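Trainee: heads up, no residue letters with this:
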């Protein structure tokens with residue numbers, strides 16, 4: 001009997017297995033880097049924009065994990081499962097309602113935020129949402145004089161007669177409209193150059209609540225990232241003083257460290273609290289090839305309860321409106 005090498009037909013199979021094993025490992029490298037960047041808050045340069053798409057990467061990590069398990073590449077499978085578990089820990093809670101959503105008794109306050117895209121969003125649709133949902137406080141961003149006049153013509157001021165308005169050309173304008181009178185009101189310009197209207201709303205039966213229309217600088221390029229982080233860091237913390245509600249276009253998702261740091265001062269992201277934290281609010285609503293991301297938020301401090309959240313498309317805006325049903329403790 002003559003001993004020979006393995007049959008030639010077996011060699012390609014072995015080579016293919018090696019190639020696939022290498023590809024499995026290579027597929028894990030970007031996911032591992034992404035997870036580390038997200039976990040430790042690496043918000044430098046282009047990573048700021050990429051991190052907004054973390055939920056999509058979380059879903060993708062299931063593919064190499066399942067592939068490695070099915071093909072019995074145990075070492076790669078173990079690493080892939082750990083990476084997928086890390087992403088799941090960061091993102092899955094957003095689709096699970098919190099056990100503690102704050103006080104459940106008190107005065108209901110319905111709030112809404114809408115980015116008007118240079119003031120061109122359909123004012124009739126915004127006013128219809130306010131009317132149909134009996135909104136008490138509306139925050140608008142990218143608020144221009146054209147947008148103000150359109151909202152007035154659509155009847156917004158009959159529904160929400162009190163306001164603090166800072167309309168400006170372009171994207172920097174801001175406004176608040178309210179069913180209830182203000183004890184204090186003003187507008188401030190953040191370091192990124194955007195107005196942020198704010199007011200102390202006198203809620204009948206619940207005292208006063210601080211509300212701000214939020215719009216930090218967008219991290220559209222590397223040199224804008226420091227300003228973006230500074231604007232988020234300059235937002236009022238929840239702890240102390242009046243109960244607070246921040247709502248608007250934060251230009252950040254829950255995968256960005258500056259927003260998580262703000263929430264850690266004592267806020268709840270209301271969509272996250274009710275298990276709707278994956279619903280996109282900015283994205284390809286006019287056919288743009290960009291997956292939706294969640295950058296519009298309502299943050300209510302821990303003294304305020306959360307009942308529900310809805311997200312609605314608005315014609316001629318690249319942002320969706322966010323409506324939140326909140327519970328403010330009775331006075």
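Mentor: Nice, I can see it. The structure displayed is predicted, hence computed values, not measured ones.
Trainee: which residue packs closest to residue 276, ignoring adjacent ones?
Mentor: With CB to CB, 6 or more residues apart in numbering as the criterion, residue 276 has its nearest non-adjacent residue at 5.2 Å, and that residue is residue 309. Yep, even glycine has a C-beta here, placed from its N, CA and C like the rest.
Trainee: State the next helix or strand along the chain beyond the strand or helix carrying residue 22.
Mentor: Assigned by DSSP states H and E, residue 22 belongs to helix 10-39. For helix 10-39, the following helix or strand on the C-terminal side (DSSP H and E) is helix 47-51.
Trainee: how about the nearest residue to residue 224, chain neighbours excluded?
Mentor: residue 217 (5.8 Å).
Trainee: backbone phi and psi for the one you found, please?
Mentor: phi -60, psi 140 (degrees, to the nearest 10).
Trainee: Now do it: how many residues are near it, please.
Mentor: 22 (other CB atoms under 10 Å).
Trainee: separation between the residue nearest to residue 41 when sequence neighbours are not counted and residue 123?
Mentor: Nearest residue to residue 41 in three dimensions, chain neighbours excluded: residue 257, at 2.9 Å (CB to CB, 6+ apart). Residue 257 sits 36 Å away from residue 123, going by CB to CB, to the nearest Å.
Trainee: got it, and residue 172?
Mentor: 19 Å.
Trainee: the more surrounded of those two?
Mentor: Between residue 172 and residue 123, counted using other CB under 10 Å, residue 123 has the larger neighbour count: 24 against 21.
Trainee: Would you mind measuring from the residue nearest to that one when sequence neighbours are not counted to residue 179?
Mentor: Excluding its sequence neighbours, the residue lying closest to residue 123 (CB to CB, 6+ apart) is residue 150, at 3.6 Å. According to CB to CB, residue 150 and residue 179 sit 20 Å apart.
Trainee: Then residue 188?
Mentor: In terms of CB to CB, residue 188 sits 23 Å off from residue 179.
Trainee: Could I get the full set of helices for the stretch 201-331 of the chain?
Mentor: Using DSSP state H, counting those that start in this stretch, the helices found in the stretch 201-331 of the chain span residues 225-233, 257-263, 270-273.
Trainee: Nearest to residue 57, out of those helices?
Mentor: Closest approach to residue 57 among the helices of the stretch 201-331 of the chain is made by helix 257-263 (16.5 Å; CB to CB).
Trainee: Now do the closest one: distance to the chain's middle.
Mentor: Centroid separation for helix 257-263 versus its chain: 11 Å, with CA atoms, centre = their mean, to the nearest Å.
Trainee: looking only at pLDDT, what's the mean for stretch 225-244?
Mentor: Summarised as a single mean, pLDDT over stretch 225-244 is 96.
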